[in-house]
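[1] Sequence unavailable; structure follows:
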């Protein structure tokens, strides 16, 4: 694949001029753009690998790392399709001459539509939890995404069945893929509808709890995407031959992938960089936000306490749990909040203690009863020590085991070893 002005490229430029087009040859400027964007996606690949390796880190886990990894793959597919459709490389003699396979299925369906639907799925998940009071799982969460995928699949099948002259076709004389205006309009209308839906969902969840509030990030993302969409939509219809002009095709591709990278890093950049450079401090800050919003019990942070492998962290988590639920009656009993995260009343059935709460309540009662028996026996032992002459030695149960014994020899008139109890380091067994 050459980026120099070869005789074949010169003949292509002359042929385009005969057909009435001003065609700029593929040059080193196209190569420089490809290298820069590829390097950016290489850095993104490292970030995605680090994100997946630390996907159990709670601040990263709350950002849906698997969805964001899939979004990265979709962006790469989009970039490969742009190289073909926007005319940055020579197509003749390569698999890129398959304009429907690369231009429609890879660029549009697996690229543009998939990354848009994944961002929409994240936003819909937050809307479902904080506005509809429904769990972040199950068929109800993924059903809109599946419907969107089916519609996208139907779109691809129809484009595959229709004639290339109606959708996208390879022009061998100019070595380029060309799309008619009708197909462009259907494609960009579909993408606009997707991102308008994303914007509406994020507007509805702009006032949710601060721990999961992404309204600022998603507002920035929507601004980036709408700028890129507006520019591309105007260019597609005002200058359909933009792949022939070097500046226009470079600006179009660069703007597309600048927008996708800004969206990805706006969502993942904060927790990802903090996980790299100030992991524990950021986790404490993030956990404090959860505690402030009342979400510490709803969100599982046990794994990160294990990561830090500190007994102090485990004890601090236990004390946090104690203070959060102290009003429930005792530290072992977890009280279900009467209000949902969005402030709506929780259904009465959800306020009943679950099996885990009942288990913790029983464990607390057993521990309290055992402590009471221990204290009672210690008090009786102290009473015996203060009035040994009034105690019947047959009522004293000798200890079952002793780690140390008194250095002094027991009196001969103490056949049951009563005097050694006070010198024993371990308490005798409790009475039944």
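    Looks like it came in fine. Bear in mind the structure is a predicted one, so any value in this text is a computation, not a measurement. Residues are numbered from 1 along each chain as shown.

[2] Is residue 11 within a helix or a strand, and which one?
    helix 7-18 (DSSP states H and E).

[3] Give the buried residues for that helix.
    9, 12-13, 16 (16 or more other Cβ atoms under 10 Å). For glycine as for every other residue, the C-beta is placed from the backbone atoms N, C-alpha and C.

[4] how about the strands in this structure?
    169-171, 176-178 (DSSP state E).

[5] contact partners of the helix holding residue 11?
    Applying Cβ atoms under 8 Å, 6 or more residues apart in numbering, the contact partners of helix 7-18 are 2, 22-26, 90, 173-175, 244.

[6] run the last query once more with 6 Å
    Outside helix 7-18, the residues within contact range by Cβ atoms under 6 Å, 6 or more residues apart in numbering are 23, 25, 173-174.

[7] Are any of those buried, and if so which?
    Judged by 16+ other Cβ under 10 Å, buried ones among these: 23, 174.

[8] any idea which of the contacts of helix 7-18 is the one closest to residue 84?
    Distance to residue 84 across these (Cβ to Cβ) is lowest for residue 174, with 13.4 Å.

[9] ok, that closest one to residue 154 distance?
    Separation of residue 174 from residue 154 (Cβ to Cβ, to the nearest Å) stands at 31 Å.

[10] Buried by neighbour count: which residues of stretch 80-88 qualify?
    So stretch 80-88, judged by 16+ other Cβ under 10 Å, has buried residues 81-88.

[11] Among the residues you listed, which one sits closest to residue 289?
    Nearest to residue 289 among those, with distances taken as Cβ to Cβ, is residue 82, at 38.9 Å.

[12] Give the closest residue to residue 171 in space, chain neighbours not counted.
    Leaving out its chain neighbours, the residue that sits closest to residue 171 by Cβ to Cβ, 6 or more residues apart in numbering is residue 178, at 5.5 Å.

[13] The one you found pairs with what?
    On the basis of DSSP bridges, residue 178 is bridged to residue 169.

[14] Low-confidence regions, the protein specifically.
    1, 209-212, 293-432 (pLDDT under 70).

[15] quick revisit: possible to save the buried residues of helix 7-18 as TSV with distance to residue 112?
    As requested, the buried residues of helix 7-18 are exported to TSV (distance: Cβ to Cβ, whole Å):
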residue	distance to residue 112
9	29
12	28
13	30
16	28
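
[16] Max pairwise distance over those: which two?
    Farthest apart among the buried residues of helix 7-18 by Cβ to Cβ are 9 and 16. That separation is 10.7 Å.

[17] Tell me how far residue 8 lies from residue 90.
    Residue 8 is 8 Å from residue 90, by Cβ to Cβ.

[18] anything in contact with each of those two?
    By Cβ under 6 Å, 6+ apart, no residue touches both residue 8 and residue 90.

[19] Could you give me the buried positions within stretch 239-252?
    Buried, per 16+ other Cβ under 10 Å, within stretch 239-252: 241-246, 248-250, 252.

[20] Oops, could you answer that again for stretch 32-41 instead?
    For stretch 32-41, burial by neighbour count (16+ other Cβ under 10 Å) applies to 33-34, 37, 41.

[21] Mark which of these are part of helices, please.
    Judged by DSSP state H, the buried residues of stretch 32-41 include 33-34, 37, 41 as members of helices.

[22] Look up the closest residue to residue 228, ignoring the ones flanking it.
    In space, residue 228 is closest to residue 259, 4.0 Å off (Cβ to Cβ, 6+ apart).

[23] show me where this protein has helices.
    All helices of the chain, identified by DSSP H, fall at 7-18, 28-53, 58-61, 65-85, 99, 114-130, 139-161, 181-204, 215-238, 246-277, 279-293, 302-308, 311-324, 355-386.

[24] will you turn the strands of the chain into TSV that also has mean neighbour count and distance to residue 162?
    Formatted as TSV, the strands of the chain follow (neighbours: other Cβ atoms under 10 Å; distance: least, Cβ to Cβ, whole Å):
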stretch	mean neighbour count	distance to residue 162
strand 169-171	16	11
strand 176-178	23	15
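
[25] Can you convert these into CSV and add a column each for distance to residue 128?
    Listed next are the strands of the chain as CSV, based on distance: least, Cβ to Cβ, whole Å:
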stretch, distance to residue 128
strand 169-171, 42
strand 176-178, 39
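
[26] Looking at these, which is nearest to residue 116?
    strand 176-178 (21.7 Å).

[27] residue contacts, residue 25?
    Contact analysis of residue 25 by Cβ under 6 Å, 6+ apart lists 5, 9, 13.

[28] What residue, apart from its backbone neighbours, is nearest the first one spatially?
    Spatial nearest neighbour of residue 5, excluding adjacent residues (Cβ to Cβ, 6+ apart): residue 25 at 5.6 Å.

[29] any idea how far the one you found is from residue 259?
    For residue 25, the distance to residue 259 (Cβ to Cβ) stands at 27 Å.

[30] got it, and residue 141?
    Here residue 141 is placed at a distance of 26 Å from residue 259 (Cβ to Cβ).

[31] With neighbour numbers in mind, choose between the two.
    When neighbours are counted by other Cβ atoms under 10 Å, residue 259 comes out ahead of the other of residue 141 and residue 259, with 21 against 16.

[32] Isn't that one up against residue 224?
    Yes: Residue 259 is within contact range of residue 224, at 4.5 Å (criterion: Cβ atoms under 6 Å).
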